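J.: fold the following, please.
(chains A, B, C and D)
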There are 2 protein chains.
Amino acid sequence: MGVTIHDVARAAGVSVASASRALSGRRKVTPEIAERVARAAAELGYQPNAVAKALRDQTTGTIGMVVPGIGNPFFTTIVEAVERELQNSGTDLLLCASQYSPQVEARRLGTLLARRVDGLIISPCDIEASVPAVLDAARRVPLVQLDRYIEGGGADWVGVDDEAGLALAVDHVIAGGARSVVFAGSRLVSSSARLRLSGFERTAARAGVEVLPPLLGEFTLEWGVEAGRRLLDAGRLPDAVVCANDEIAVGLVRSLRFGGVRVPEDVAVVGFDDVGHATMCDPPLSTVRQPVEEMAAEAVRLLGQVKAGDPRPAQRIAIAPRLVVRQTSRPVAAGVAE
Amino acid sequence: MGVTIHDVARAAGVSVASASRALSGRRKVTPEIAERVARAAAELGYQPNAVAKALRDQTTGTIGMVVPGIGNPFFTTIVEAVERELQNSGTDLLLCASQYSPQVEARRLGTLLARRVDGLIISPCDIEASVPAVLDAARRVPLVQLDRYIEGGGADWVGVDDEAGLALAVDHVIAGGARSVVFAGSRLVSSSARLRLSGFERTAARAGVEVLPPLLGEFTLEWGVEAGRRLLDAGRLPDAVVCANDEIAVGLVRSLRFGGVRVPEDVAVVGFDDVGHATMCDPPLSTVRQPVEEMAAEAVRLLGQVKAGDPRPAQRIAIAPRLVVRQTSRPVAAGVAE
DNA sequence: ATCGGTTGGGTAATCGATTACCCGAGTTTC
DNA sequence: GAAACTCGGGTAATCGATTACCCAACCGAT
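T.: Numbering: from 1, shown residues only, chains lettered A, B, ... in the order given. Coordinates of the predicted model:
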């Protein structure tokens, strides 16, 4: 590397100030100088040093994003949506994975802050253990939580309305005739895990159907398979299984069918997210679609408004999801068939 | 933000030099000063500015990684492997997706270079269109290509031995009794796509089996489904289909079974990669496992050795893959059963 | 008592881009 | 014709951390 604006200025026979002005166009220079500087820069292959610019401007043109893991298609989808949203704003995304570990997450936040990102979008991996690192970061730079959030408020949040989503799913299977239901989800370490379970329980209770004890593991296909196995082993099957995400649902359907259970005839299954392979599932999965694009857009918009350490009360923006009925549940008038 | 080392020095009643020395430990200071500086830093919540440090040191402690897309589980797997490899080296990964577009890729490379990454790992999206941007980047910083590479050499590369992998797959299905074979892969825009096809063709020709015209589309599940449909429509089925990756294979198996074809009894199917859902496929997919961990380790090691614009001839490191026989092909003595 | 040597602290240069500030030349206005 | 402006170029300060360089104090040895 190493061609600086001083080199360009010298080659063009002008001062660095003129070179800078010619290149940035932030103040007028004579056409003659503009021309000479442009030529010199091109010949030398000059590329401005973003590090120096960041130091001088006190702004890096980057925002950091921390998600639990990029192996989960939901997070890659939302990362892609945020990237698209940022596309033309001239800011770059620094993506980090916390690997579902609050320690790693805190370390990642630390290096992003050290690198002086202009803002942070984070999906905290643990509703409790993530609290200190997230609040500390929010005190230093604008921060918005996306999808998952930490308990106790204190930082803005954008996400899907989990409870409404679960209500959609539960009401749908009940409308399809289910009299006994079970929830297959994740252990309650994240806000999503908790809200989806409570949404499920509340709606089921209100409807007065029988509720079997929930199956709580991880947001993975493997856990879905295992959960299906447990249902088969338990001897008695519910009429419907509502899952906390599509991966669990896909694994569960596979497991159930392997055990000779027909889906949706014997048991209806509904997922959550509608990203990745829900449409490619066999049979195609009925699920609740997260409004990923809107969530990303809203998160970016909100990030532009929040100020670091703002004492204003934290906002929570919950966007309504949509039920997508495919073939793992009995179709009813409600919902969108695809 | 805004607490600098000057603030710390002032609070501790020492010079910035002493503060810097106390904090970095790179030169001795009296215990008394060390103590005062440590206390002041803690009280003020001092966090060193990595931007300033990078400018002064002429090194950012970051390496950039550019992959075609993070929606593809193969790339997320390899990104995770590289991250693990870098974990304890103190360097951070700046991850970018080119979205399979050479233009986006060139722009991403440009901003990574402007941010003065210390090195680059890239999987160029297009074997031809990616050439200028990759060579230009290689002239400026240490660069290694991982998985895909550009034509004409000029930059180091680490990846799987694609031809050997395809030879494994083809020999395996032939050993299982296949007399006619077909390749389902991607259009020939990447080195992987080309090498896998040529590896397939060479091995099949050597074995003297009948080779149907290849089906070339994309590295996606959707294309696998479509490829399966085309095979069904063609009326005559081959004894085996060898796929360029697992996603194609999974889609193809689904499509074939939907059409009433038994796998592996009627048609054997073999994938490539062995990441993501190959084990969760129904039935579990026979495939060729890419040595992702070794590839990542080797790429990072090599990156530490290359110098920018080094005139030394480019290295190509091809790591041998391994056949993993599951249930979409007839088992034979060769290979590892799981 | 003086001298070479060591130890540890402070001052200021450095990295590269931007821009506040200054200055000279040219133009306008009464 | 002089005052008041405008225009555009150059000099140097600035961002924050590190460190080359200098200097004072103190050591032991002669």
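J.: CA atoms for contacts and neighbours, from now on please.
T.: Will do.
J.: next, count neighbours for residue A:229.
T.: For residue A:229, the neighbour count with other C-alpha atoms under 10 Å in any protein chain shown is 18.
J.: which other helices and strands does the host helix or strand of residue A:159 contact?
T.: Counting by DSSP states H and E, the element that carries residue A:159 is strand A:156-160. With contacts taken as 3 or more C-alpha pairs under 8 Å, 6 or more residues apart in numbering or on different chains; DSSP states H and E, strand A:156-160 sits against strand A:143-146, helix A:292-305, strand A:316-319.
J.: what residues does it touch?
T.: A:143-149, A:290-291, A:295, A:298-299, A:314-321 (C-alpha atoms under 8 Å, 6 or more residues apart in numbering or on different chains).
J.: could you point out which element follows that strand?
T.: Assignment by DSSP H and E places the next element after strand A:156-160 at helix A:162-175.
J.: for that next one, which positions count as buried?
T.: A:162-174 (16 or more other C-alpha atoms under 10 Å in any protein chain shown).
J.: need those in a markdown table (columns: distance to DNA strand C and pLDDT).
T.: Putting these into a markdown table (distance: C-alpha to the nearest atom of the strand, whole Å; pLDDT from 0 to 100) gives the following:
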| residue | distance to DNA strand C | pLDDT |
| --- | --- | --- |
| A:162 | 44 | 97 |
| A:163 | 47 | 95 |
| A:164 | 47 | 97 |
| A:165 | 47 | 98 |
| A:166 | 50 | 98 |
| A:167 | 52 | 97 |
| A:168 | 52 | 97 |
| A:169 | 53 | 98 |
| A:170 | 56 | 98 |
| A:171 | 57 | 97 |
| A:172 | 57 | 97 |
| A:173 | 59 | 97 |
| A:174 | 61 | 97 |
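J.: so where do the strands sit in chain A?
T.: Here chain A has its strands, by DSSP state E, at A:62-67, A:92-97, A:119-122, A:143-146, A:156-160, A:180-186, A:210-211, A:215-217, A:240-243, A:268-270, A:287-289, A:316-319, A:322-325, A:336-337.
J.: redo the ones you listed as JSON lines? Include mean neighbour count and distance to residue B:13.
T.: Converted to JSON lines, those look like this (neighbours: other C-alpha atoms under 10 Å in any protein chain shown; distance: least, C-alpha to C-alpha, whole Å):
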{"stretch": "strand A:62-67", "mean neighbour count": "24", "distance to residue B:13": "35"}
{"stretch": "strand A:92-97", "mean neighbour count": "21", "distance to residue B:13": "37"}
{"stretch": "strand A:119-122", "mean neighbour count": "27", "distance to residue B:13": "33"}
{"stretch": "strand A:143-146", "mean neighbour count": "27", "distance to residue B:13": "34"}
{"stretch": "strand A:156-160", "mean neighbour count": "25", "distance to residue B:13": "39"}
{"stretch": "strand A:180-186", "mean neighbour count": "24", "distance to residue B:13": "53"}
{"stretch": "strand A:210-211", "mean neighbour count": "16", "distance to residue B:13": "66"}
{"stretch": "strand A:215-217", "mean neighbour count": "19", "distance to residue B:13": "54"}
{"stretch": "strand A:240-243", "mean neighbour count": "28", "distance to residue B:13": "60"}
{"stretch": "strand A:268-270", "mean neighbour count": "29", "distance to residue B:13": "65"}
{"stretch": "strand A:287-289", "mean neighbour count": "27", "distance to residue B:13": "59"}
{"stretch": "strand A:316-319", "mean neighbour count": "17", "distance to residue B:13": "44"}
{"stretch": "strand A:322-325", "mean neighbour count": "23", "distance to residue B:13": "61"}
{"stretch": "strand A:336-337", "mean neighbour count": "13", "distance to residue B:13": "69"}
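J.: for those strands, give me TSV that also has mean pLDDT.
T.: Shown next, in TSV, are these (pLDDT from 0 to 100):
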stretch	mean pLDDT
strand A:62-67	97
strand A:92-97	94
strand A:119-122	98
strand A:143-146	98
strand A:156-160	97
strand A:180-186	98
strand A:210-211	97
strand A:215-217	98
strand A:240-243	98
strand A:268-270	98
strand A:287-289	97
strand A:316-319	97
strand A:322-325	96
strand A:336-337	46
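J.: Serialize these to a markdown table and add fields for distance to residue A:134.
T.: A markdown table is the format used below for those (distance: least, C-alpha to C-alpha, whole Å):
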| stretch | distance to residue A:134 |
| --- | --- |
| strand A:62-67 | 11 |
| strand A:92-97 | 14 |
| strand A:119-122 | 8 |
| strand A:143-146 | 9 |
| strand A:156-160 | 11 |
| strand A:180-186 | 22 |
| strand A:210-211 | 36 |
| strand A:215-217 | 25 |
| strand A:240-243 | 28 |
| strand A:268-270 | 33 |
| strand A:287-289 | 28 |
| strand A:316-319 | 16 |
| strand A:322-325 | 30 |
| strand A:336-337 | 38 |
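J.: buried set for the longest helix along chain A?
T.: When chain A is scanned for its longest helix (criterion: DSSP state H), the result is helix A:191-207. Of the residues in helix A:191-207, A:191-204 count as buried by neighbour count, 16+ other C-alpha under 10 Å.
J.: equivalent analysis for stretch A:72-86, please.
T.: Within stretch A:72-86, the residues that qualify as buried are A:72-83, A:85-86, counting by 16+ other C-alpha under 10 Å.
J.: pLDDT (mean, whole number) over that stretch?
T.: Regarding stretch A:72-86, the rounded mean pLDDT is 95.
J.: sorry, back to before: measure how the strand holding residue A:159 sits relative to helix A:292-305, angle-wise.
T.: 170 degrees (axes from the mean of the first three to the mean of the last three C-alpha atoms, to 10 degrees).
J.: strand A:156-160: how far from the chain's middle?
T.: In terms of C-alpha atoms, centre = their mean, to the nearest Å, the centre of strand A:156-160 is found 10 Å from the chain centre.
J.: what's the angle from that strand to helix A:191-207?
T.: Using the same axes, to 10 degrees: strand A:156-160 against helix A:191-207 is 50 degrees.
J.: strand partners (parallel or antiparallel) of strand A:156-160?
T.: Paired neighbours of strand A:156-160 in the sheet (DSSP bridges): strand A:143-146 (parallel), strand A:316-319 (parallel).
J.: so for residue B:42, which of those sits nearest?
T.: Proximity of the strands paired with strand A:156-160 to residue B:42 was assessed by C-alpha to C-alpha; the nearest stretch is strand A:143-146, lying at 23.0 Å.
J.: who in chain A is up against DNA strand C?
T.: Residues of chain A found near DNA strand C (C-alpha under 7 Å from any atom of the strand) are A:2-6, A:16-18, A:20-21, A:23-24, A:26, A:47-50, A:52-53, A:55-57.
J.: near chain B too, which of these?
T.: When the residues of chain A next to DNA strand C are checked against chain B using C-alpha under 8 Å from any C-alpha of the partner chain, the ones in range are A:47, A:48, A:49, A:50, A:52, A:55.
J.: tell me the spacing between the closest residue to DNA strand C within the stretch 151-300 of chain A and residue A:91.
T.: Using C-alpha to the nearest atom of the strand, the closest approach of the stretch 151-300 of chain A to DNA strand C is made by residue A:300 at 24.4 Å. Remark: distance between residue A:300 and residue A:91 (C-alpha to C-alpha, to the nearest Å) = 11 Å.
J.: more crowded one of the two?
T.: residue A:300 (22 against 15).
J.: alpha carbons of stretch A:273-291, as CSV, please.
T.: C-alpha atoms of stretch A:273-291 as CSV (Å, rounded to 0.1, in the frame of the first residue of the first chain):
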residue,chain,number,x,y,z
ASP,A,273,-40.2,-18.0,10.6
ASP,A,274,-40.9,-19.1,7.0
VAL,A,275,-37.3,-18.7,6.0
GLY,A,276,-35.1,-21.3,4.4
HIS,A,277,-36.5,-24.6,3.6
ALA,A,278,-40.1,-24.4,4.8
THR,A,279,-41.4,-24.5,1.3
MET,A,280,-39.1,-27.3,0.4
CYS,A,281,-40.2,-29.4,3.4
ASP,A,282,-42.0,-32.6,2.6
PRO,A,283,-44.9,-31.9,2.8
PRO,A,284,-44.6,-28.1,2.6
LEU,A,285,-44.7,-26.6,6.0
SER,A,286,-47.5,-24.4,7.4
THR,A,287,-45.9,-21.7,9.3
VAL,A,288,-46.0,-18.1,10.6
ARG,A,289,-44.0,-15.8,8.4
GLN,A,290,-41.7,-13.3,10.1
PRO,A,291,-41.8,-9.9,8.3
